[in-house]
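Asker: model this:
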Amino acid sequence: MTNSTRVSYFTLAAYFDLGALQYLYFMIIMSLYVFIVCANVLLIVVICMNRSLHEPMYLFLCSLFVNELYGSTGLFPFLLVQILSDIHTVSVPFCFLQIYCVYTYASIQFSNLSIMSYDRYLAICCPLQYNTRMTSNKVAMLIALTWFYPFLAIFILISLSVPLQLCGNIINKVYCDNYSIVKLACSDTTVNNVYGIFYTFTTVVLVILILYTYMKILKVCFSGCKQTRQKAVSTCTPHLASLINFSCGCFFEIVQNRLDMKHVPIVLRIFLSLYWLTCQPLFNPVMYGLNITKIRISCKSVIFGKL
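Answerer: You can find the predicted model right below:
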């Protein structure tokens with residue numbers, strides 16, 4: 001395409017002919033989506049209905065589960081339609097809408113994990129000051145900031161990508177990706193790259209904050225009594241596991257974008273590109289629902305109608 005040609009649709013080139021297996025894949029994806037919706041909705045209802053769970057840690061968890069519903073809805077229905085479709089194209093407006101949903105989901109996820117690590121840091125390292133430093137107003141402000149900043153930051157990111165003149169319309173993914181669109185640009189992408197570096201820097205700051213809080217928590221665990229260690233392990237293990245899982249998924253995505261992966265089987269490439277978007281909504285409800293006693297008991301009460 002020339003510089004003067006405006007792209008009206010994108011072709012998702014990572015899909016391949018599934019034949020009769022497309023219905024099997026459709027049922028698998030549908031089952032995963034139904035599980036994600038049911039599990040996350042259950043946990044949101046449990047936290048909202050049970051007044052004993054109206055504490056900062058559980059409110060941050062509720063924000064996490066709402067975000068997972070949001071991110072899953074931005075991906076799974078689209079995948080289901082594409083699996084059954086013979087032509088894997090998507091209009092430009094819808095493509096950018098999906099990018100906005102997927103990227104804000106990822107950004108909110110990191111922000112949520114950051115404030116959750118800060119909350120655990122205050123609870124374990126500064127227990128006597130916890131109630132005065134983690135007030136209800138501060139909790140509300142942190143949750144609002146967790147959602148507001150990603151929506152604003154990704155809006156700016158998309159606004160820089162929309163005006164680009166493109167030399168092609170082939171995206172080698174099963175969903176729309178901003179980095180892939182920028183690579184198709186014929187026009188100057190300096191501003192996009194600079195803003196991408198700035199946004200990456202803010203994400204690195206969040207990662208450093210999380211690592212710092214866990215270094216402090218580990219220090220307390222090793223120097224404290226057995227009861228302190230047990231409390232720290234029981235409350236921090238699900239959060240740390242969630243963080244590692246999400247970080248691994250993001251790492252897979254970055255590697256795929258930056259390196260030539262043509263020698264890797266296409267099925268594995270698709271799995272790695274979807275890992276960071278699918279495994280968190282599947283992983284977190286199970287991890288938090290089973291490991292945090294209050295949530296586990298409350299879930300049983302809701303399911304069996306005893307709440």
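Asker: Look up phi and psi at residue 10.
Answerer: Taking degrees, to the nearest 10, you get phi -120, psi 150 for the backbone angles of residue 10.
Asker: For burial, what's the neighbour tally of it?
Answerer: Using other Cβ atoms under 10 Å, residue 10 has 25 other residues around it. Any C-beta I mention is one placed from the backbone N, CA and C, and that applies to glycine too.
Asker: where does the chain have low pLDDT?
Answerer: Residues of the chain meeting the criterion pLDDT under 70: 1-5, 224-226, 228-229, 231-232, 235, 260, 305-307.
Asker: Okay, strands next: where are they in it?
Answerer: Assigned by DSSP state E, the strands in the chain fall at 9-12, 89-91, 170-171.
Asker: Packed most tightly, which of those strands would that be?
Answerer: strand 9-12 (a mean of 18; mean count of other Cβ atoms under 10 Å).
Asker: ok, back up a step: columns distance to residue 72 on top of the strands of the chain, output as JSON lines?
Answerer: JSON lines is the format used below for the strands of the chain (distance: least, Cβ to Cβ, whole Å):
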{"stretch": "strand 9-12", "distance to residue 72": "19"}
{"stretch": "strand 89-91", "distance to residue 72": "18"}
{"stretch": "strand 170-171", "distance to residue 72": "21"}
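Asker: what's the first-to-last distance across stretch 159-173?
Answerer: With Cα to Cα, to the nearest Å as the measure, stretch 159-173 spans 21 Å from end to end.
Asker: Off-centre distance for it?
Answerer: Centroid separation for stretch 159-173 versus its chain: 23 Å, with Cα atoms, centre = their mean, to the nearest Å.
Asker: Buried residues in it, which are they?
Answerer: By 16 or more other Cβ atoms under 10 Å, the buried positions in stretch 159-173 come out as 160, 161, 164, 165, 166, 169, 171, 172, 173.
Asker: could you dump those to a markdown table with distance to residue 301?
Answerer: Below are the buried residues of stretch 159-173 laid out as a markdown table (distance: Cβ to Cβ, whole Å):
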| residue | distance to residue 301 |
| --- | --- |
| 160 | 49 |
| 161 | 47 |
| 164 | 53 |
| 165 | 58 |
| 166 | 54 |
| 169 | 52 |
| 171 | 46 |
| 172 | 47 |
| 173 | 42 |
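Asker: Name the nearest of the residues you listed relative to residue 285.
Answerer: Set against residue 285, the nearest of the buried residues of stretch 159-173 by Cβ to Cβ is residue 173 (26.1 Å).
Asker: if I look at that closest one, how far off is residue 81?
Answerer: 15 Å (Cβ to Cβ, to the nearest Å).
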